[in-house]
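A.B. asks: 3D, please:
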Amino acid sequence: MGETDLYRSAPKTSPVLLQFVYRKVFPEVNKVLDYWKKRAQEIPNQELREQALASISDKKFHCQGGAVYSVLAKHKWQDAIQFIIAYQTISDYLDNLCDRSTSLDPTDFRQLHQAMEDALMPNNEIKNYYMYREDQNDGEYLADLVRTCQNYLRAIPNYEEIKPHLLKLEQLYSDLQVHKHVKEEERIPRLENWYNTHKSNWPSLSWYEFSACSGSTLGIFCLVSYAMGQALSERMATEIFNSYFPYMQGLHILLDYYIDQQEDKVEGDLNFCNYYETQEHMKVRLLHFIKQTNSNVQQLPDRHFHEMVHNGLVGLYLADPKVKQLDNGKDVTKTLLQAGGFRSTFFHWNVRMYNKLRRKV
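C.D. replies: Numbers count the residues shown, from 1 in each chain. Okay, here's the model as predicted:
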């Protein structure tokens, strides 16, 4: 499959996808991140500068993973990467600011995350997102990230077809970020009450699973990339939303929390995997998320691509060295890789080999 063919349809096999990702996507991600790193280095305020730089250096893999969706934008794949990097960088930067907050003020967190909504609303004016905190002067860093997203979305002819779904996913994400960063004794009650307002739509989830499902940006990247590459109907936009939320996004974040259990325990951070009754209960639910994700993406165009993404999530996260530190990590890895099928195993060993070679360089 040549590069011209990729502009007509998404890759259908794992080797073709990985070849495009390693040769095209990752180098472009590095180039775009280098630009934003230079912008972050110019931030006048020391605290904001440190958090911006830390979010880029520590969470680069978020941008790399999200940028895989750029293949859905066909010949506009570089535009898709520009949007994905800018939006994910906003997300990671704000997460750092909330994590390091001394006020634990939900009003502050809500104002910060207004940037994520404005980034999806091309006609919205830039606001003072730091209104409720002492550190203010970022040299227009956050505002320029928002403007970058707005500019690329403004170029999408049928943007109105996907906007309601994007805003729904963003609202869920921002709500989660506010509730999970407040005072420790308020977090669980707030998250439980929040889920109760949505429970009628997703009754089979627990409050902690719903929270995990809300914490992913994959649905946003999928919708935007598709819309850049073709005219999306409202019906197809709805199908994409329903295929990604809750299960694909939930699988993404639950795996992320799964590998971070030991690390979060040491740091005293909230980890949604800790709320399963037992390790076995968690394993059963993760298997359920894998099964439901696979079932839901069957209705989508380019279903082979979406299958590869969810197989890739399983293989990628379970290849992380942190899994070795977990109780029953080996057993869970074996069970989930079997459920994910040969593609998950392919991605798993490919990533492990990539990481091993990278450590030797």
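
A.B. asks: do you know how far the closest residue to Tyr173 other than its chain neighbours is from Trp202?
C.D. replies: Distance criterion C-beta to C-beta, 6 or more residues apart in numbering; nearest residue to Tyr173, sequence neighbours excluded, is Ser214 at 5.8 Å. Any C-beta I mention is one placed from the backbone N, CA and C, and that applies to glycine too. Computed with C-beta to C-beta, to the nearest Å, the distance linking Ser214 and Trp202 is 10 Å.

A.B. asks: now the helices: where do they sit in the stretch 101-250 of the chain?
C.D. replies: All helices of the stretch 101-250 of the chain, identified by DSSP state H, counting those that start in this stretch, fall at 106-118, 141-154, 159-181, 184-196, 207-214, 218-229, 234-243, 249-259.

A.B. asks: Quick one: residues in contact with the first one.
C.D. replies: Okay, so that is helix 106-118. Residues from elsewhere that reach helix 106-118, judged by C-beta atoms under 8 Å, 6 or more residues apart in numbering: 87, 90-91, 94, 97-98, 101, 124-133, 142, 145-146, 150, 167, 170-171, 173-174, 177-179, 181-182.

A.B. asks: Can you give me the neighbour number for Gly219?
C.D. replies: Counted by other C-beta atoms under 10 Å, the residues lying close to Gly219 total 27.

A.B. asks: could you list every residue that touches it?
C.D. replies: Residues in contact with Gly219, defined by C-beta under 8 Å, 6+ apart, are His165, Leu169, Ile240, Phe241, Tyr244, Phe245, Met248, Gln249.

A.B. asks: can you put those residues in CSV and add distance to Val224?
C.D. replies: As requested, the contacts of Gly219 are exported to CSV (distance: C-beta to C-beta, whole Å):
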residue, distance to Val224
His165, 10
Leu169, 11
Ile240, 10
Phe241, 12
Tyr244, 12
Phe245, 15
Met248, 15
Gln249, 15
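
A.B. asks: Show me the two of these that sit farthest apart.
C.D. replies: Farthest apart among the contacts of Gly219 by C-beta to C-beta are His165 and Met248. That separation is 13.8 Å.

A.B. asks: Those two: who's more crowded?
C.D. replies: Neighbours per residue, other C-beta under 10 Å: of His165 and Met248, the larger number sits with Met248, 25 against 21.

A.B. asks: State whether that one and Asn296 are indeed in contact, as I suppose.
C.D. replies: Yes: the pair Met248 / Asn296 is scored as a contact, 7.0 Å apart, by C-beta atoms under 8 Å.

A.B. asks: Mind giving me the ChimeraX select for the contacts of helix 106-118, buried ones only?
C.D. replies: Only the buried entries of these go into this ChimeraX selection, using 16 or more other C-beta atoms under 10 Å:
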select :87,90,91,94,97,98,129,130,133,142,145,146,150,170,173,174,177,178,179,181,182
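
A.B. asks: just so I know, which of the helices of the stretch 101-250 of the chain lies nearest Asp58?
C.D. replies: For the helices of the stretch 101-250 of the chain, proximity to Asp58 was assessed by C-beta to C-beta; helix 249-259 is nearest, at 13.6 Å.

A.B. asks: Now tell me what touches that closest one from outside.
C.D. replies: Contact with helix 249-259 is made by 205, 209, 212-216, 218-219, 264, 271-273, 282, 285-286, 289-290, 293, 310, 313-314, 317-318, 320, 322-323, 326, 332, as judged by C-beta under 8 Å, 6+ apart.

A.B. asks: what about whichever helix or strand comes after that helix, distance to the chain center?
C.D. replies: Later in the chain than helix 249-259, the nearest helix or strand by DSSP states H and E is helix 261-267. Relative to the chain's own centre, helix 261-267 is displaced by 21 Å; criterion: C-alpha atoms, centre = their mean, to the nearest Å.

A.B. asks: Ok, stretch 70-80 next?
C.D. replies: Chain-centre distance of stretch 70-80: 18 Å, with C-alpha atoms, centre = their mean.

A.B. asks: Tell me which residues are up against it.
C.D. replies: When contacts are defined by C-beta under 8 Å, 6+ apart, stretch 70-80 is touched by residues 6-8, 10-11, 17, 20, 24-25, 28, 67, 69, 81, 84, 152, 155, 221-222, 224-226, 228-230, 302, 305.

A.B. asks: From those residues, list the buried ones, please.
C.D. replies: Buried, going by 16+ other C-beta under 10 Å: 6, 10-11, 17, 20, 24-25, 28, 67, 69, 81, 84, 152, 221-222, 224-226, 228-229, 302, 305, out of the contacts of stretch 70-80.

A.B. asks: sorry, back to before: let me know the pLDDT of the residue nearest to Tyr173.
C.D. replies: pLDDT recorded at Ser214 is 98.

A.B. asks: tell me what the helix or strand containing Leu337 is packed against?
C.D. replies: Assigned by DSSP H and E, Leu337 belongs to helix 329-340. Helix 329-340 sits against helix 279-296, helix 303-318, helix 342-360, with contacts defined as 3 or more C-beta pairs under 8 Å, 6 or more residues apart in numbering; DSSP states H and E.

A.B. asks: among the ones you listed, which is nearest Gln46?
C.D. replies: Of all those, helix 342-360 sits nearest to Gln46, with 31.3 Å by C-beta to C-beta.
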